[in-house]
Structure formats: structure tokens, C-alpha cells
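Asker: what follows is a protein structure lacking sequence information:
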């Protein structure tokens, strides 16, 4: 996050897994010591300079009216067996670092 992201050219689509914002990590993940969500939160709270948010999967499926729009996609037979927890946050780099 700190070494690579600032050097990416504009237009790169980036997906960061295990982002449950605005929620914290799941309690059953406590032993993993993950921290990427806290770096992403700091980036967003700081104004998100250098990124354009594309899709916050957890937020959309848990807190937004978009859940209703996306439900038919997730219910399609082609996605049978796919992990539906949707913990990835997607953004595009803007080159404004």
C-alpha cells in the first residue's frame, strides 16, 4: 500500500481483499493480524487522494440500496459456489499522488 500504490500510473484498477468498511474485521479473523483495512480507511478519511472509488463490495451488499440491484447478479447460476461475502474494495488510480 505505501510502497506500490503511490507509484501506479493513472487508470490502474486495484482490488484490495478483506475490506469490510465501515465494519471492523470479523471476530473470527482476530488471530490473522491483518491491517490492510486500516490503511484503506486512513486513505479514504484523508480524502482518497490518488484514487477513485469504484465499488466497495461489503458496503454495497450490507448497507446500500444497491444490494437490491446486485442481487440478481449474485443469484445467477454462473456464480453458483462463488464466495458471496464480497469483501473486496475496488478503486482506480488517478495519478494524483
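Answerer: Perfect, thanks for sending it. Nothing here was measured: the structure is a model prediction, and the numbers come from that model.
Asker: outside of the helix or strand of the chain with the lowest mean pLDDT, which residues touch it?
Answerer: Least confident helix or strand, the chain: helix 66-74 with a mean of 79, by mean pLDDT, DSSP states H and E. Defining contact as CB atoms under 8 Å, 6 or more residues apart in numbering, one finds that helix 66-74 is touched by 60, 61, 79, 82, 84. (Glycine included, C-beta is placed from N, CA and C.)
Asker: could you list the low-pLDDT ranges of the protein?
Answerer: Along the chain, segments meeting pLDDT under 70 span 84-85, 97.
Asker: quick one: the residue of it most remote from its centre from residue 61, how far?
Answerer: Most distant from the centre of the chain: residue 77, at 24.2 Å, with distances by CA atoms, centre = their mean. According to CB to CB, to the nearest Å, residue 77 stands 19 Å off from residue 61.
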